[in-house]
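In: Please find the sequence and the predicted model below.
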There are 2 protein chains.
Amino acid sequence: MNTANSNSPSASGTFYGLGVGPGDPELITLKAARLIKQCDVICYLCNDSDSDRPGRSQSKQIAQDVIDDRAYNAIEIAIPMPYKRDRTAANQAYDQGAEAIRAALRKGQTVVFLCEGDPLFFGSYAYLQERLCEEFTCIAIPGISSPNAASAVAGIPLTMQKENYAVLSGRLSDEKILSHLNEFDSLVLMKVGQSRSRLLNLLRHSGRLQEAVYIEYATREQQKVVYDVATLDGGDGPYFSLFIITRQQRNV
Amino acid sequence: MNTANSNSPSASGTFYGLGVGPGDPELITLKAARLIKQCDVICYLCNDSDSDRPGRSQSKQIAQDVIDDRAYNAIEIAIPMPYKRDRTAANQAYDQGAEAIRAALRKGQTVVFLCEGDPLFFGSYAYLQERLCEEFTCIAIPGISSPNAASAVAGIPLTMQKENYAVLSGRLSDEKILSHLNEFDSLVLMKVGQSRSRLLNLLRHSGRLQEAVYIEYATREQQKVVYDVATLDGGDGPYFSLFIITRQQRNV
């Protein structure tokens, strides 16, 4: 599956996976903005009918100003995504979404899929690309990912010089997280959510509590940066929260 | 040094570190483009007088179209940077650059520093921020970093689901690289350069040669993507080259 950008010449349209960045609408790239303005069809994931706010789409909301700038309305394909840990329902939703996108591409239309952050860094675009790349040209346009956004709002260099860097899920085992905290100069612990108090304990245990910063909703309105993570209470964090850990003494 | 965005109220100007992305001028964000157009002073690193092409600046070249779009010319501060492994000369160059920027900020001017990729991911902005953040408000605007750009041009998801991810320097020891190749789902080996044939041997030794893709100059004119890395000869790569390693079987 390493040949997604197969440029098979055909009369069909091109499928673009656009990273729209972490939340601030100005963190969209010029290229993504141009493609949003020029394309025929705009797709995005949205909340399904079981949600509190059915039809709501984070990625569309981020791009809304650019969409409003279009000369004429685009066709829209909203892909309702159930919020369950079970992947079967998600895969069904991607199947249905890919089917609608396929129909548009076969008509020769240019289709863009709006993806929060970067389309290929934990991005939903990957699941559509794998369903469409055999038949159509698929092109990913990179976007600002949450670790880069978080380090910018905290004003902390993620990496310098020869430092190594790891990105770990908060759901990884205690043993692995401790081992990597010991090994790596810089780390991002993603998807903190319900693991927050456990991760705080691991940071304390590794001796790196003072080297950690906690960030929620980087670049969004609800953004929160906590430099003294010892002050965080034992409760959960939201899904869009992370810890950045860097060396106190850096080899400058 | 974790409080770079100190918003000390003052009459002085603000210093912005702008990520201008990996090379494609369209991969600049709307925010960086706006700040380049609105600022008083534009700074960047450039080749020093010992170089083949003195005064040449990669980051300025990436932003040139946006600079040309300005209503009036900005003041420019070019910071000549010697290409030596020795950090003393680099630190002197940053000291001198910071001095010129300080003078502009004290006049109340808005100063932007153009930084390839992301300003805080191996970015030169970090060295200016640390010299200026005590006295002035410093704000980093994230940019597209090379791993995200490279995964996009190769069309390969960098991370999916619960995968963990490491970024390593090609200069890390054999033992450490092998251990991380064994441990991590996804990896980027940066700054391949002179380590290329050694890294190819390590990939072979770890059994992950077939899971690696090699990318030079992602999104630039000279861009090159090699999916079958076994075909690479034993020579060196350029500085802007990397390997992406991902699992052949991914847990979708």
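Out: Here it is on my side, so go on.
In: Quick one, grab the pLDDT at the residue in the stretch 101-250 of chain A positioned nearest to chain B.
Out: Residue of the stretch 101-250 of chain A nearest chain B, by CB to the nearest CB: residue A:155 (3.0 Å). C-beta: built from backbone N, CA, C; applies to glycine. Looking at residue A:155, its pLDDT reads 97.
In: any idea how far it is from residue B:198?
Out: To residue B:198, residue A:155 is 36 Å away according to CB to CB, to the nearest Å.
In: Look at the two and report which has more neighbours.
Out: Set residue A:155 next to residue B:198 and count neighbours by other CB atoms under 10 Å in any protein chain shown: residue A:155 wins out with 23 against 15.
In: so that one makes contact with residue B:129?
Out: Yes - proximity of residue A:155 to residue B:129 meets the contact threshold set by CB atoms under 8 Å, at 7.1 Å.
In: In this structure residue A:136 contacts residue A:11, no?
Out: No - applying CB under 8 Å, one finds residue A:136 not in contact with residue A:11, separated by 11.0 Å.
In: Neighbour count: these two, which is higher?
Out: Neighbour totals were compared for residue A:136 and residue A:11, and residue A:136 leads with 21 against 7 (other CB under 10 Å).
In: before we move on, the earlier item: ok, now how distant is the residue of the stretch 101-250 of chain A closest to chain B from residue A:227?
Out: From residue A:155 across to residue A:227, the span is 10 Å (CB to CB).
In: what about chain A, any weak spots by pLDDT?
Out: Within chain A, the stretches with pLDDT under 70 are A:1-10, A:251-252.
In: where along it do the helices fall?
Out: Here chain A has its helices, by DSSP state H, at A:30-38, A:58-68, A:87-106, A:125-132, A:146-154, A:174-183, A:196-206.
In: and among those helices, the most buried is which?
Out: helix A:146-154 (a mean of 28; mean count of other CB atoms under 10 Å in any protein chain shown).
In: which helices and strands does that one pack with?
Out: Helices and strands touching helix A:146-154, by 3 or more CB pairs under 8 Å, 6 or more residues apart in numbering or on different chains; DSSP states H and E, are strand A:186-190, strand A:212-216, strand A:241-245, strand B:138-141.
In: Out of these, which is closest to residue A:27?
Out: Nearest to residue A:27, of all the helices and strands packed on helix A:146-154, is strand B:138-141, at 7.9 Å by CB to CB.
In: Against which helices or strands is the closest one packed?
Out: helix A:146-154, strand B:15-19, helix B:30-38, helix B:125-132.
In: what are the pairing partners of that strand, and which direction each?
Out: strand B:15-19 (parallel) (DSSP bridges).
In: Okay, buried residues for the strand it pairs with please.
Out: By neighbour count on 16 or more other CB atoms under 10 Å in any protein chain shown, the buried set for strand B:15-19 is B:15-19.
In: List the contacts of that strand.
Out: With contact meaning CB atoms under 8 Å, 6 or more residues apart in numbering or on different chains, strand B:15-19 is reached by A:148, B:29, B:32, B:35-36, B:39, B:63, B:101, B:105, B:110-120, B:123, B:125, B:128-129, B:132, B:136-145.
In: Spell out which residues belonging to the stretch 151-252 of chain A are near chain B, please.
Out: When proximity is defined as CB under 8 Å from any CB of the partner chain, the stretch 151-252 of chain A approaches chain B at A:151-169, A:171-172, A:176, A:180, A:184, A:213, A:227, A:250, A:252.
In: what about 7 Å?
Out: Where the stretch 151-252 of chain A comes near chain B, counting by CB under 7 Å from any CB of the partner chain, the residues are A:151-152, A:155-160, A:162, A:164-169, A:171-172, A:213, A:227.
In: filter those to the buried ones?
Out: Among these, those buried by neighbour count (16+ other CB under 10 Å) are A:151-152, A:155-160, A:164-169, A:172, A:213.
In: Now do stretch A:219-239: everything it contacts.
Out: Surrounding stretch A:219-239, the residues in contact under the criterion CB atoms under 7 Å, 6 or more residues apart in numbering or on different chains are A:22-24, A:27, A:149, A:153-154, A:191-194, A:196-197, A:200, A:203, A:209, A:212-217, B:2-3.
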